[in-house]
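Participant: Need a 3D model of the sequence below.
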Amino acid sequence: MQWSKCLGVATVFSVAIGVSAHAQAALTGCTDCHVNFLASGPAGMKIEGSTPDLSVADQGDNIVITVPLANLTTGISLRDRHMKEKYLEVAKYPTATLTVARSALKLPSGGDKVEADAPSTVNIHGQARPVTVHYEAKRDGSAFATRGKFHINMTEFGITVPSYLGVTVKPDIDVSASFRAAGN
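Facilitator: Numbering: from 1, shown residues only. Just a heads-up that it's a prediction; the model follows:
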């Protein structure tokens, strides 16, 4: 069940969704966090994975979203174990991060929603690569409700494409994430 390893990669990229936080407000927490990934294979095979583990850090000129990979799940324990141990090598690379420059973000005002793309950097499996995150952000009181998505190819991060009993997962992974971050 090596397919789940592809899903782990997608989850890492889901972190990118958090990039839409307000560019001038200091971020002070993350709630309602959801990271999802989708991998596909032959004959309509789809593997979905998720984790509620995501943190957002305000690092001055950048917003950094971190996803711990140890709690990624796909609903099949053997596939999850293969994903974490063989493909993602979670013991060696425990997290995935997405870094977005504040200056790349468009900000919502009032109850308006902003939808835009932001250049970002994803780091997974010890490899950093550029990615464009499509995000939506809406101010909700003192918080920002954010959703984002992006697409990666696991081979660009040095991750072997999973194959099990002759069935091989496609290397392309769709990642999405959502969260609420408080802003000061």
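Participant: Show me the shaky parts of this protein.
Facilitator: 1-28, 183-184 (pLDDT under 70).
Participant: in it, which spans are strands?
Facilitator: 27-40, 46-51, 55-59, 62-68, 95-101, 113-124, 127-140, 143-153, 163-164, 167-168, 172-183 (DSSP state E).
Participant: how about the first one: buried residues?
Facilitator: Okay, so that is strand 27-40. L27, C30, C33, H34, V35, N36, F37, L38, A39, S40 (16 or more other C-beta atoms under 10 Å). Yep, even glycine has a C-beta here, placed from its N, CA and C like the rest.
Participant: same deal with the third one?
Facilitator: Residues of strand 55-59 classed as buried: S55, V56, D58 (neighbour count, 16+ other C-beta under 10 Å).
Participant: if I look at P52, how far off is D117?
Facilitator: Distance of P52 to D117, computed by C-beta to C-beta, to the nearest Å: 26 Å.
Participant: neighbour count winner among the two?
Facilitator: Neighbours were counted for P52 and for D117 using other C-beta atoms under 10 Å; D117 has more, 14 against 11.
Participant: so who does the more buried one touch?
Facilitator: By C-beta atoms under 8 Å, 6 or more residues apart in numbering, the contact set of D117 is T132, V133, H134, Y135.
Participant: Tell me how many other residues surround the last one.
Facilitator: By the other C-beta under 10 Å criterion, the neighbourhood of Y135 contains 27 residues.
Participant: didn't it look like it was pressed against R147?
Facilitator: Yes: taking contacts as C-beta atoms under 8 Å, Y135 lies within contact range of R147: 6.6 Å.
Participant: could you dump stretch 137-149 to PDB, C-alpha only?
Facilitator: Extracted in PDB, the C-alpha atoms of stretch 137-149 (Å, rounded to 0.1, in the frame of the first residue of the first chain):
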ATOM      1  CA  ALA A 137      -8.900  34.800   2.700                       C
ATOM      2  CA  LYS A 138     -11.700  36.500   4.500                       C
ATOM      3  CA  ARG A 139     -11.500  38.600   7.600                       C
ATOM      4  CA  ASP A 140     -13.700  37.200  10.300                       C
ATOM      5  CA  GLY A 141     -13.700  39.500  13.300                       C
ATOM      6  CA  SER A 142     -10.100  39.500  14.500                       C
ATOM      7  CA  ALA A 143      -9.200  36.300  12.600                       C
ATOM      8  CA  PHE A 144      -8.600  35.400   9.000                       C
ATOM      9  CA  ALA A 145     -10.300  32.400   7.500                       C
ATOM     10  CA  THR A 146      -8.000  31.000   4.900                       C
ATOM     11  CA  ARG A 147      -8.200  28.300   2.300                       C
ATOM     12  CA  GLY A 148      -5.500  27.400  -0.200                       C
ATOM     13  CA  LYS A 149      -4.400  24.800  -2.700                       C
END
